[in-house]
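Novice: structure for this input, please:
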Amino acid sequence: MEFYGAEPDVDLTYSDVFLVPRRSAVASRLEVDLSPRDGSAATIPLVSANMNSVTGPRLAATLARRGGLGVLPQDMPLQELDAAIRWVKDQPVLWDTPVVLPPEATVAEASRLLPAIDGHGIVVAAASGGGSRFAHDDILGIVPAARLGTALPDARLGDLARGRTASIDADDVESARHAFDLIVAAGAETLCVLHHGFLVGTLSRRSALRSTLYRPAVDASGRLIVAAAVGINGDVQAKARALVAAGVDVLVVDTAHGHQEGMLRALRSVSDLGAQIPIAAGNIVTAEGVHDLVSAGATILKVGVGPGAMCTTRMMTAVGRPQFSAVLETAQAARMMGAHVWADGGVRYPRDVALALAAGAASVMVGSWFAGTIEAPGELLTDDAGRVYKESWGMASTKAVHERFGGLDPYDLARKELFAEGISSSKIYLDPQRPGLEDLLDMITSGVRSSFTYTGAATVPEFHERARVGLQSAAGYDEGKALPTSW
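Specialist: As a prediction, the model looks like this:
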């Protein structure tokens, strides 16, 4: 990356900078390869943050199916983490994970999983013998999610599903394009995918189309990849060993202040496992932090202190650094040591993701932006105005402290609460135009692909080299925003 004009003498955040177009031989966005090349098997440079309100197994599987990487949070009990990793590994790669409810489930119950929107559906089935596998004869049909908005809350899904069965056999699908044609021929928006007579997934027109544009992130056995985080306290090595045994593809050693002795000890213990998978660690914001963490065993650095939407660290402590400059410095240092950087926090628009990559990041971690999606953990809630939202909270907040240390006696828990930071409860509203994770991925990757073509880069490493960044005033930033109404 180079600056357009004089280099700044102050630290910068994403709003302070812009990309300057350059002569380009990249004719199409489809010529761009967004693979981060950071040692993971990801094919797009997006990682979901290891926050309880952001990444659960459902979001991790969906993200990996489109090429990204989900990081399960360290606050999950080890047994739940093990189960979550194995669940992701069991999910279909070519098809969507089906949302299955029994016939007696009501519209109100279904509405806590899916909003009333087009392009999604609920499979209504009752497994023979109460198992988790569903044979063709067990499936009553698919209730389109949009139907939830017109049915009574106490209506049974079994009554709404009758006569709505549509399915294809997995062996009959020759390609993603062929799958799209089969759905159109069936006259359905969503249909069941069967293999040897059992349900293995669902497919919609939009998901079939996406399969022609994205490459799934899979391990050597062809299963979806997933990462998991560990903290720096307790027997870190034992927990990391258990996660590796469960099949995790990337280990993330995480704490708010990553440049400390506790992190270095934890990193060395995890590195000593010799697991032959990437180890990410952070958070840091300086080249010195890069040197120390890589020397202790990290191959990826999580960069960012204070830019997250749920974080109050800078206002509480004055500690942190504007994110663009933090990524720029750490990425240069990491490159010299053969390591990589994940830019963690502060992205609110696709432009911010592009700028993080321009500064040298291999991938960009997303938190609150993903928290307001269908696939994020937690049920869908509705406010007094009828708007659908999910709750989000910071990982150092009082709510997070209770989840992490709920087993302590009241005195010790009260002491922990005194030092809580961050927002404990925030309503993250679903965007009616982009309610699902994949809708956001479409928007983000489309913008980033365009950034590459403007810069004349066909790969992430080329983008690192060719990106030309200029400085702008607050008025310059505002000038780039579209107007929702005329002036």
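
Novice: right, and the helix or strand after the longest helix along the chain?
Specialist: The helix spanning the most residues in the chain, taking DSSP state H as the definition, is helix 437-455. Next in sequence after helix 437-455, counting helices and strands by DSSP states H and E, comes helix 460-466.

Novice: mind listing what the helix or strand following that next one pairs with, with the direction of each?
Specialist: Toward the C-terminal end, the helix or strand that comes next after helix 460-466 (DSSP H and E) is strand 468-471. According to DSSP bridges, strand 468-471 forms sheet pairs with strand 2-3 (parallel), strand 17-19 (antiparallel).

Novice: least trustworthy helix or strand in this protein by mean pLDDT?
Specialist: Across the helices and strands of the chain, the lowest-confidence element by mean pLDDT, DSSP states H and E is helix 398-405, at a mean of 54.

Novice: for residue 213, give its distance to residue 11.
Specialist: According to C-beta to C-beta, to the nearest Å, residue 213 and residue 11 sit 36 Å apart. C-beta: built from backbone N, CA, C; applies to glycine.

Novice: can you map out the helices along the stretch 301-450 of the chain?
Specialist: All helices of the stretch 301-450 of the chain, identified by DSSP state H, counting those that start in this stretch, fall at 313-317, 323-336, 350-358, 368-371, 398-405, 410-417, 437-455.

Novice: and the shortest one, what other elements does it pack with?
Specialist: Using 3 or more C-beta pairs under 8 Å, 6 or more residues apart in numbering; DSSP states H and E as the contact criterion, the neighbours of helix 368-371 among helices and strands are strand 388-392, strand 426-429, helix 437-455.

Novice: so which of those is nearest residue 174?
Specialist: When the helices and strands packed on helix 368-371 are compared by C-beta to C-beta, helix 437-455 sits nearest residue 174, at 22.8 Å.

Novice: could you give the angle of that closest one to helix 350-358?
Specialist: 60 degrees (axes from the mean of the first three to the mean of the last three C-alpha atoms, to 10 degrees).

Novice: what comes up buried for helix 437-455?
Specialist: By neighbour count, with 16 or more other C-beta atoms under 10 Å as the criterion, the buried positions of helix 437-455 are 437-442, 444-445, 447-449, 451-455.

Novice: swap in stretch 184-196?
Specialist: Counting neighbours by 16+ other C-beta under 10 Å, one finds that the buried residues in stretch 184-196 are 188, 189, 190, 191, 192, 193, 194.

Novice: returning to that earlier point: what would the helices and strands packed on helix 368-371 look like in a markdown table with distance to residue 484 and mean pLDDT?
Specialist: Listed next are those as a markdown table, based on distance: least, C-beta to C-beta, whole Å; pLDDT from 0 to 100:
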| stretch | distance to residue 484 | mean pLDDT |
| --- | --- | --- |
| strand 388-392 | 21 | 85 |
| strand 426-429 | 16 | 86 |
| helix 437-455 | 17 | 97 |
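
Novice: save the ones you listed as CSV, and put in distance to residue 109 too.
Specialist: Shown next, in CSV, are the helices and strands packed on helix 368-371 (distance: least, C-beta to C-beta, whole Å):
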stretch, distance to residue 109
strand 388-392, 15
strand 426-429, 21
helix 437-455, 22
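
Novice: give me the domain ranges for this structure.
Specialist: Following the assignment in automatic domain parsing, the chain carries domains at 2-93+217-375+433-479, 100-211.

Novice: burial count for residue 276?
Specialist: Other residues near residue 276 come to 6 when the count uses other C-beta atoms under 10 Å.

Novice: right, I mislabeled it, should have said residue 265
Specialist: Applying other C-beta under 10 Å, we find 13 residues neighbouring residue 265.

Novice: quick check: closest non-adjacent residue to residue 201.
Specialist: residue 95 (2.6 Å; C-beta to C-beta, 6 or more residues apart in numbering).
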